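Enquirer: task: produce atomic coordinates for the following.
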Amino acid sequence: MDISVKIAITAPDGVVHEHEIAAFEKGCESAAEIGLSIGDSKELLLNLQREIVAAQAAAFCSARSTCPCCAGKLRHKGNKPVQYRTVFGDIPIDSPRFYHCHCHAGSAQTFSPLTMLLPRPYRARNALAGNQMGIFGLIRRHSGFAQRCAANRRATER
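Expert: Numbers count the residues shown, from 1 in each chain. Model prediction:
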């Protein structure tokens, strides 16, 4: 049995983009062949996440490719690949750079819209460390609370 999983994403401009995200060849003669394996599921979710993230990033950048002051189209400088970390795996995204408009006052000549959408811990290689440090920071911050509670309990027991 051949199984094909497709996704249809409608962009903000109304254009529908269809992509095949997975194809499986499955049997139906034993219990082990029924349904998706863990590997099949991981592949399916990673491919689904890739398509969704790419479409969302493209829509976000497209909406910011015009000057917010004069509505002029911004000149495109180029693209730089960025790794976006998710629980399903790393996803490469094209991060466009645009020149600021002549009406923009500031020292920076170019900018990348994705830096506004994706904070640094979710880009590059620090993503998991950033999330873990946030959790450990929270535990560290509240560990004093647990120690004070224990000290208060001991003091009241006396």
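
Enquirer: mind listing the strands for the chain?
Expert: Using DSSP state E, the strands of the chain run over 2-10, 16-25, 76-86, 89-99, 110-111.

Enquirer: so of those strands, which one's packed in deepest?
Expert: strand 89-99 (a mean of 17; mean count of other CB atoms under 10 Å). Quick note: C-beta positions are derived from backbone N, CA and C, even for glycine.

Enquirer: where does the chain dip in pLDDT?
Expert: Where the chain drops to pLDDT under 70, the residues are 121-158.

Enquirer: now do the same contact list for the residue nearest to residue 64 when sequence neighbours are not counted.
Expert: Distance criterion CB to CB, 6 or more residues apart in numbering; nearest residue to residue 64, sequence neighbours excluded, is residue 113 at 4.1 Å. For residue 113, the set of contacting residues under the criterion of CB atoms under 8 Å, 6 or more residues apart in numbering consists of 60, 61, 64, 65, 96, 98.

Enquirer: ok, residue 72 - how many residues close by?
Expert: Other residues within reach of residue 72, judged by other CB atoms under 10 Å, total 11.

Enquirer: flag every buried residue along stretch 105-120.
Expert: By neighbour count, with 16 or more other CB atoms under 10 Å as the criterion, the buried positions of stretch 105-120 are 111, 112, 113, 114, 117, 118.

Enquirer: just stretch 47-66 next, same as before
Expert: By neighbour count, and taking 16+ other CB under 10 Å as the criterion, the buried residues in stretch 47-66 are 47, 48, 49, 50, 51, 53, 54, 55, 57, 58, 61, 64.
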